[in-house]
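> Give me a 3D structure for the following:
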Amino acid sequence: MPFPPYPKLSKAPIVEAVIEFKVSTRAPIEVGALLPVKAALVDRFQVTRDIHYAHVQLQMGGAEGPQPGLFTGPVGIRLESGDTGSVVLVRIDGVSISKLAPYDTWEELRDLAREMWSLYAAAVDPLAITRIGVRYINRIELQQEAIDFDRVLTAGPKIPEALPQGLVEFFTRVVVPIPEKGAVVTIAQTFEPRAPTTPGRSYPAVVLDVDAFIERAFEIDDPGTWAALESLRDVKNMAFFNSITEETLETLK
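Down below sits the predicted model:
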């Protein structure tokens, strides 16, 4: 399967781009181990919030019958930079780096990911990387009155011919292995109807969510980690550009 160079889009519809690393550890990690990362970034990421998990468990037995139990606890720290639109989530099982719109370049995001990974690895000393992911969420506005999704997407929704050819929502999700890259890509497509009362959402839109990932063990200092990350960018691009039509592409150039 060819991976040709794809054009740089002056009107890229990216609302969020994410690079993620998940890890295994030698022993359970407490959130306190993440504090050196927070301290190192406090001048650049002014907003910090704790991340908690919530787990509901139904406990059986006893005279009173089933009893629900709610268990919560800290799992990480969220760091936000208001002036650059960057978000870093440091967790006990990994780190993710996000860039919100307006998106600039892959190189900027990748270099930030390298820096954040170095800080995280020094603080946590993980055993191995178990998952590398690249996820891009795109919002393609539709300004035509009558929406023909076949003019927007190469694999848009299909309605049985006997039914009226209009819809108010749809959701599709496909998961495709890419053997030559050792990767998997998930492509999710949804429709956002017009929302005139919401700032920035005056037009209906198709949301195209592409998540490319590799799940296998990488040694912490394996240089192949970064080659794998670049290959996931190729997979992401292939999925995105082959999911939109030429007509849509022209509107984004």
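> Flag the helix or strand of this protein with the lowest per-element mean pLDDT.
The helix or strand of the chain with the lowest confidence, counting by mean pLDDT, DSSP states H and E, is strand 47-59 at a mean of 74.
> Please report how far Val15 lies from Ala113.
Val15 sits 18 Å away from Ala113, going by Cβ to Cβ, to the nearest Å. C-beta here means a position set from N, CA and C on the backbone, and glycine is covered the same way.
> Of those two, which one has the most company?
Legend: neighbour count by other Cβ atoms under 10 Å for Val15 and Ala113, higher for Ala113 (24 against 17).
> Disregarding residues adjacent in the polypeptide, which is nearest to the more buried one?
Leaving aside its sequence neighbours, Ala113 sits nearest to Ile19 (Cβ to Cβ, 6 or more residues apart in numbering; 4.2 Å).
> Quick check: that neighbour touching Leu229?
Yes. At 6.9 Å, Ile19 and Leu229 qualify as touching, with contact defined as Cβ atoms under 8 Å.
> Those two: which has the busier surroundings?
Ile19 (24 against 21).
> what helices or strands is the host helix or strand of the more buried one leaning on?
Assigned by DSSP states H and E, Ile19 belongs to strand 14-24. Strand 14-24 is packed against strand 94-100, helix 106-124, strand 128-141, with contacts defined by 3 or more Cβ pairs under 8 Å, 6 or more residues apart in numbering; DSSP states H and E.
> Could you tell me which residues within the longest one count as buried?
Buried residues in helix 106-124, counting neighbours by 16 or more other Cβ atoms under 10 Å, are found at 106, 109-110, 112-113, 116-117, 119-121, 123-124.
> could I get the helices and strands packed on strand 14-24 as TSV with distance to Pro179?
Converted to TSV, the helices and strands packed on strand 14-24 look like this (distance: least, Cβ to Cβ, whole Å):
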stretch	distance to Pro179
strand 94-100	25
helix 106-124	24
strand 128-141	17
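> List just the one of those that sits closest to Arg151.
Counting by Cβ to Cβ, Arg151 lies closest to strand 128-141 out of the helices and strands packed on strand 14-24; the figure is 11.5 Å.
> No further questions, thank you.
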